[in-house]
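Engineer: fold the following and give me the result.
(2 chains)
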Amino acid sequence: MADWINWVALLAVLVMLAGAVAVLLLNNFLAAVAATSVVSLGAAVIFVLLRAPDVALTEAAVGAGLSSVIMALCLRRLGLWRIPSVTAGVDDEAGNS
Amino acid sequence: MRNYVSLLFVAGLAFLLFVISGQLDFGAAPMLIGQAINQAAPEQVGAANIVTSVVLGYRALDTLGELAILFTAATAGGLMLGRARAGATHDPEAGFILRTAADLLFPLLLVVGLFIIVHGHLTPGGGFQGGVILAAAFFVPLLARPGTHFDHASFAVVEGLAGATFIVIGLFGLVYGGEFLAPLLGQGEMGSLLSAGTLPLLYIAVGLKVGSELAGLMAHIAAYEAVDS
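Structural biologist: Just a heads-up that it's a prediction; the model follows:
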């Protein structure tokens, strides 16, 4: 039982680390916002393992959901929503805006 | 230069975490107050979820402070962002799939949010978590149909009434219970929906306040004129 929890915690930490590194490396701001919400989801999993379901629920709702939405909306307001390096994304953009 | 500074900062943080994790066993509670509350809370407050009995019983004043902070932040955000002009152009409606999904999600999110708020004293969750879900419920239709009118005034009324209710319940506690925000109305049977005195009422007030506040804030941020293209 305890062994199993350790492996899940390790997996969650690895996913969180990958997400955190992805935030630094990604060129697209929107993708970076999505990566921050991946970090929050991993934290929520760890809170569940630590038997803090209240905190896990808050982390999932506020950290992964609400703050990502607010950051994404702010990106849109600042005009950083676009993907400058990808020229093939014009069709996609027309669908979005 | 900046990279080195942030690297130094991260190294310091890692050292701090390393020291803390070296001192503590994984999952061990170093403080005694938590254990004391764990033992005393079921009899004193009567909430099945001990976290709730701390948040709304022992530390209810902190919760009021949290609500004040959230209110200040949302007000500042609303003042900064302003509102879209009456005749402003807006984004076109989303596609059929997104609109249908928003219609389906709205009642579902509403029910989940209210369930989490109302059962805050029984199961994990409560006013803050359920309030965020309620805010999401009211924001999803706005994403699907950007042109729809968002009634800021009535959301502000709900928010103000909920905040006032929290304080009024606290004042009732001051008059009849001897302390501000003291739980009243008797504990009832532990684990039933109507138990733990005024705690469920307080959590409903918190949930409505957080939900209307955050929905208003997100609607403010999303109110953005379409870019000419």
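Engineer: quick one: distance of whichever helix or strand A:G42 is part of to the chain centre.
Structural biologist: Assigned by DSSP states H and E, A:G42 belongs to helix A:29-49. Taking C-alpha atoms, centre = their mean, to the nearest Å, one finds helix A:29-49 lying 4 Å from the centre of the chain it belongs to.
Engineer: so, in contact with chain B or not, that helix?
Structural biologist: No - legend: contact between helix A:29-49 and chain B by C-beta under 8 Å from any C-beta of the partner chain is lacking; minimum distance shown is 9.1 Å. Yep, even glycine has a C-beta here, placed from its N, CA and C like the rest.
Engineer: which parts of that helix are buried?
Structural biologist: A:29-30, A:32-48 (16 or more other C-beta atoms under 10 Å in any protein chain shown).
Engineer: residue numbers of chain A in contact with chain B?
Structural biologist: A:50-51, A:53-54, A:56-58, A:61-62, A:65-66, A:69-70, A:73-74, A:76-77, A:79, A:94, A:97.
Engineer: please redo it, this time with the cut-off set to 6 Å
Structural biologist: A:53-54, A:57-58, A:61-62, A:66, A:73, A:77 (C-beta under 6 Å from any C-beta of the partner chain).
Engineer: drop anything exposed from the residues you listed.
Structural biologist: When the residues of chain A next to chain B are checked against 16+ other C-beta under 10 Å, the ones flagged as buried are A:53-54, A:57-58, A:61-62, A:66, A:73.
Engineer: check contacts around B:G211.
Structural biologist: Applying C-beta atoms under 6 Å, 6 or more residues apart in numbering or on different chains to B:G211 gives the contacts B:131, B:134-135.
Engineer: closest to chain A out of those?
Structural biologist: If you rank these by distance to chain A using C-beta to the nearest C-beta, B:A135 comes first, at 7.2 Å.
Engineer: pLDDT at the closest one, what is it?
Structural biologist: pLDDT, B:A135: 92.
Engineer: okay but it is in contact with B:A215, surely?
Structural biologist: Yes - contact criterion C-beta atoms under 6 Å: B:A135 and B:A215 qualify, at 4.2 Å.
Engineer: right, is the helix or strand of chain B with the lowest mean pLDDT up against chain A?
Structural biologist: Every helix and strand of chain B was ranked by mean pLDDT, DSSP states H and E. The lowest is helix B:32-44, at a mean of 79. No - for helix B:32-44, no contact with chain A is found by C-beta under 6 Å from any C-beta; the gap never falls below 11.8 Å.
Engineer: so which bits of stretch B:72-82 are buried?
Structural biologist: Of the residues in stretch B:72-82, those buried (16+ other C-beta under 10 Å) are B:74, B:77-78, B:81.
Engineer: got any ranges where chain B has weak pLDDT?
Structural biologist: Regions of chain B meeting the criterion pLDDT under 70 cover residues B:26-30, B:82-87, B:224-229.
Engineer: which stretches of it form helices?
Structural biologist: B:2-23, B:32-44, B:50-53, B:60-81, B:96-118, B:127-144, B:152-172, B:199-222 (DSSP state H).
Engineer: give the buried residues for the third one.
Structural biologist: Which is helix B:50-53. B:50-53.
Engineer: quick one: which of the residues you listed is nearest B:F115?
Structural biologist: B:T52 (14.8 Å; C-beta to C-beta).
Engineer: tell me the mean pLDDT over the helix holding A:G42?
Structural biologist: Per-residue scores along helix A:29-49 average to 91.
Engineer: and the least confident helix or strand of chain B, how far out from the chain's middle?
Structural biologist: 24 Å.
Engineer: do stretch B:126-138 as well
Structural biologist: 6 Å.
Engineer: and the contacts of the helix or strand containing A:A12?
Structural biologist: Assigned by DSSP H and E, A:A12 falls within helix A:2-25. Outside helix A:2-25, the residues that touch it by C-beta under 6 Å, 6+ apart are A:32, A:35-36, A:38-39, A:42, A:45-46, A:49.
Engineer: let me see the contact set for the one residue in chain B that gets nearest to chain A.
Structural biologist: Sorted by distance to chain A under C-beta to the nearest C-beta, the residues of chain B start with B:P124, at 3.6 Å. By C-beta under 6 Å, 6+ apart, the contact list for B:P124 reads A:53-54, A:57.
Engineer: centre-most residue in chain B?
Structural biologist: B:F128 (2.2 Å; C-alpha atoms, centre = their mean).
Engineer: do the same with chain A
Structural biologist: A:S37 (2.0 Å).
Engineer: quick one: it from B:V118, how far?
Structural biologist: 27 Å (C-beta to C-beta, to the nearest Å).
Engineer: A:V69 now?
Structural biologist: Counting by C-beta to C-beta, the gap from A:V69 to B:V118 is 25 Å.
Engineer: and for B:E179?
Structural biologist: For B:E179 relative to B:V118 (C-beta to C-beta), the value is 25 Å.
Engineer: more neighbours: which of these two?
Structural biologist: B:V118 (18 against 11; other C-beta atoms under 10 Å in any protein chain shown).
Engineer: for stretch B:98-115, C-alpha coordinates in PDB please.
Structural biologist: Taking Å, rounded to 0.1, in the frame of the first residue of the first chain, the C-alpha atoms of stretch B:98-115 are listed here in PDB:
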ATOM      1  CA  LEU B  98     -19.100  24.600 -27.900                       C
ATOM      2  CA  ARG B  99     -22.600  26.200 -27.500                       C
ATOM      3  CA  THR B 100     -24.300  22.900 -26.900                       C
ATOM      4  CA  ALA B 101     -21.500  21.900 -24.400                       C
ATOM      5  CA  ALA B 102     -22.000  25.100 -22.600                       C
ATOM      6  CA  ASP B 103     -25.700  24.600 -22.300                       C
ATOM      7  CA  LEU B 104     -25.100  21.100 -21.000                       C
ATOM      8  CA  LEU B 105     -22.400  22.100 -18.600                       C
ATOM      9  CA  PHE B 106     -24.200  25.100 -17.000                       C
ATOM     10  CA  PRO B 107     -26.800  23.100 -15.000                       C
ATOM     11  CA  LEU B 108     -24.200  20.300 -14.200                       C
ATOM     12  CA  LEU B 109     -21.700  22.800 -12.800                       C
ATOM     13  CA  LEU B 110     -24.500  24.600 -10.900                       C
ATOM     14  CA  VAL B 111     -25.500  21.400  -9.200                       C
ATOM     15  CA  VAL B 112     -22.000  20.300  -8.400                       C
ATOM     16  CA  GLY B 113     -21.100  23.700  -7.000                       C
ATOM     17  CA  LEU B 114     -24.200  23.900  -4.800                       C
ATOM     18  CA  PHE B 115     -23.600  20.300  -3.700                       C
END
